[in-house]
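> Need a 3D model of the sequence below.
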Amino acid sequence: MFGSDRRDLAAVGGIILTAALLALLLYPEQPNLAGNAGYQGQAADYRTGGYDCQPATVDALSRRERTKRAISCKEAEEEHRLKTDDLIQQRRAAHAAEASAILTYQQTIIGALGLAFGFITMLAAIGAAIYARHAANETRRGADYAERGLKFVAEANSADIRPYLFIDKVTADEVEDQVVVTFWLRNYGRMPARSIVARAHCYISTYHEEIRPNVLKANKIPIPHCAPGQDRRVFSRVWISREERDLMDQGELELIIRVRYWYYGRSIRKFSERADYWTDGAGLHKGVFYVLDEERRKRAAVHRQLMEAQYTQEPEFEWQDQPTPPE
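The predicted structure follows:
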């Protein structure tokens, strides 16, 4: 704070000192028109003719000669006075021209400095306009960021007070000749989920069969509202025969589980989720399910086939020839 004040005072002092120096250097020089009074006094006291025009010399002459001599001396005196006045006027004109030249030169310097200061002022104005433009852009950018922040806060608030339904776990129980698959939907949000509708499509498949795309054609399963932190069960029945169940236990078939469900929050916005799983016979008994993935299924099938081939292959033994006993 104090450092900034000192810099401001130093800048103001430098500007004042520079202005004072420029004022001293550019102060107009006063024209020198003095020195003419001496010439005027000399012209008034001048007596022409030298000794011939002295009063004593003129009085000693005759009357007629004295008149002629006085007239000639007066004419010479008048001529000298006129020449002196002419010289004085010429000197005055010369001094005036000199003063005009000095003032014109100083006016030219002042004009050049004014032009330079005007150019500097123009550059400063251009710089100020550029900085003002940058400031406007930064202000607009700051306003955009502030608006984005407000939108982000609004979205965060709306996302925080909405329901979040996810499948918490999946189980499959064998009941006689059918498999009952149960999904537990859990609400992890802060608002209750309402108007919940699910579609569950479960079927037996081989590991080389492509995933069926008809999950959205399954029957709708209405589910009651789910409060925050609560669970809701979704049942789906898969009919399998004993042969298919034995093949599942042998690892040749798998159970595909595909679920799509929709729900609403406090507004009219509709939310949707999807979940796809698969399991085999061993996983069915243990309650182990895997996320459905084509590459993972194929790798698991190849690995299972290799393991089965390794454990089911009969070991081969090489019988060495026994020596013939002596007779």
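
> and the gap between the residue lying closest to residue 223 once chain neighbours are set aside and residue 106?
Of all residues not flanking residue 223 in the chain, residue 196 sits nearest, at 3.9 Å (C-beta to C-beta, 6 or more residues apart in numbering). From N, CA and C alone the C-beta is placed, and that goes for glycine too. Remark: distance between residue 196 and residue 106 (C-beta to C-beta, to the nearest Å) = 95 Å.

> Can you verify residue 166 is assigned to a helix?
No: using DSSP: H, G, I helix; E, B strand; the rest coil, the assignment for residue 166 is strand, not a helix.

> Residue 221 bridge partners, please.
With DSSP bridges applied, residue 221 shows beta-bridge pairing to residue 198.

> OK, contacts around it?
If you count contacts by C-beta atoms under 8 Å, 6 or more residues apart in numbering, residue 221 has them with 197, 198, 199, 200, 234, 235, 236.

> May I see the PyMOL selection of the buried members of these?
In PyMOL syntax, the buried subset of these is picked out as below (16 or more other C-beta atoms under 10 Å):
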select buried, resi 198+199+200+234+236
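
> Would you mind giving the contacts of residue 221 as JSON lines with distance to residue 259 added?
Shown next, in JSON lines, are those (distance: C-beta to C-beta, whole Å):
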{"residue": "197", "distance to residue 259": "11"}
{"residue": "198", "distance to residue 259": "6"}
{"residue": "199", "distance to residue 259": "7"}
{"residue": "200", "distance to residue 259": "5"}
{"residue": "234", "distance to residue 259": "7"}
{"residue": "235", "distance to residue 259": "12"}
{"residue": "236", "distance to residue 259": "8"}
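
> would you turn the contacts of residue 221 into TSV with distance to residue 99 and pLDDT?
Compiled in TSV, the contacts of residue 221 are given as follows (distance: C-beta to C-beta, whole Å; pLDDT from 0 to 100):
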residue	distance to residue 99	pLDDT
197	105	90
198	107	89
199	108	88
200	111	86
234	111	85
235	117	81
236	115	79
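
> Looking at the contacts of residue 221, which is nearest residue 140?
The closest of those to residue 140 turns out to be residue 197 (C-beta to C-beta; 45.9 Å).

> All set, thanks.
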